[in-house]
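Student: Predicted model, plus sequence, below.
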Amino acid sequence: YDEFVRRTVERARKRKVGNPQTDDVDQGPQIDGKQFAKILELIDSGKQEGAKLECGGERHGEQGFFIQPTVFSNVEDDMRIAKEEIFGPVMQILKFKTVEEVIERANNSQYGLAASVFTKDIDRALRVAHAIRAGSMWVNTYNAIQCGCPFGGYKTSGVGRELGEDGMRQYSEIKTVAIKVTKKNS
């Protein structure tokens with residue numbers, strides 16, 4: 001656990017924050033002031049509820065809605081940062097003992113947009129991927145969104161799907177036309 005936290009913090013500190021249209025930038029600003037304020041408020045709640053702030057946790061720079069890449073360890077399931085969808089550069093690291101415990105805790109959330117499992121064991125990866133109630137499930141990666149694959153959540157994480165053939169259905173109206181033919185055409 002400690003080694004994972006250490007390496008995660010190292011990677012977070014290397015992330016470059018700035019203009020997302022620049023090739024070497026890893027993270028852009030939040031969409032607006034409202035989301036910016038919500039993320040900072042959730043970060044504050046993590047500190048107040050006893051999670052350990054490993055890095056980040058503050059505004060990045062003087063202008064715009066940039067937030068430092070933030071990592072919390074010692075996060076508990078009942079903390080807001082573990083229960084709410086943050087949609088910002090905040091990583092919460094929770095301890096676990098068994099894969100079954102991870103699945104149960106993940107499915108105990110009201111949300112289910114996306115999840116990841118990192119493992120060298122493909123059987124474990126498939127078992128977890130099938131068991132977790134999330135609209136997108138990634139193995140050994142994260143945020144691997146492809147235009148041909150539907151994207152959307154389970155439970156209260158969104159309605160419908162974007163992208164792929166399933167996403168196109170939301171922009172279509174399907175109609176059935178039935179015609180009774182009274183005369184034979186032969």
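Tutor: Now that the structure is in, tell me what you want to look at.
Student: tell me the centre residue of the protein?
Tutor: residue 114 (4.9 Å; Cα atoms, centre = their mean).
Student: Please list all residues in contact with that one.
Tutor: 134-138, 142-143, 153 (Cβ atoms under 8 Å, 6 or more residues apart in numbering). All C-beta atoms are positioned from the backbone trio N, CA, C, and that covers glycine.
Student: What of residue 11?
Tutor: Residue 11 makes no contacts at all, as judged by Cβ under 8 Å, 6+ apart.
Student: again with residue 169
Tutor: Contacts of residue 169 by Cβ under 8 Å, 6+ apart are residue 161.
Student: Residue 12 and residue 72 touch, don't they?
Tutor: No. Judged on Cβ atoms under 8 Å, residue 12 makes no contact with residue 72 at a distance of 10.7 Å.
Student: quick one, which of the two is more surrounded?
Tutor: Neighbour totals were compared for residue 12 and residue 72, and residue 72 leads with 26 against 19 (other Cβ atoms under 10 Å).
Student: so who does the closest residue to the more buried one other than its chain neighbours touch?
Tutor: Among residues not flanking residue 72 along the chain, residue 51 sits closest, at 4.2 Å (Cβ to Cβ, 6 or more residues apart in numbering). Applying Cβ under 8 Å, 6+ apart, we find residue 51 in contact with 72-76, 79, 81, 92.
Student: beta partners for the residue nearest to the centre of the chain?
Tutor: residue 136 (DSSP bridges).
Student: Please report how far it lies from residue 138.
Tutor: 7 Å (Cβ to Cβ, to the nearest Å).
Student: Can you check which residues contact both of the two?
Tutor: Between them, residue 114 and residue 138 share no contacting residue, judged by Cβ under 8 Å, 6+ apart.
Student: got the buried residues for the longest helix along the chain?
Tutor: In the chain, taking DSSP state H as the definition, the longest helix is helix 33-48. By neighbour count on 16 or more other Cβ atoms under 10 Å, the buried set for helix 33-48 is 35-36, 38-40, 42-43, 46.
Student: For residue 118, state which of those is nearest.
Tutor: Among the buried residues of helix 33-48, residue 46 lies closest to residue 118 (Cβ to Cβ), at 22.4 Å.
Student: From what I see, that closest one and residue 83 are in contact.
Tutor: No. Taking Cβ under 8 Å as the definition, residue 46 is not a contact partner of residue 83, at 11.1 Å.
Student: Which elements pack onto the longest helix of the chain?
Tutor: strand 52-55, helix 80-83, strand 90-92 (3 or more Cβ pairs under 8 Å, 6 or more residues apart in numbering; DSSP states H and E).
Student: Below-threshold pLDDT in this structure: ranges please.
Tutor: Within the chain, the ranges that satisfy pLDDT under 70 run 185-186.
Student: in it, which spans are helices?
Tutor: For the chain, helices defined by DSSP H occupy the ranges 2-14, 33-48, 80-83, 99-107, 122-131, 164-168.
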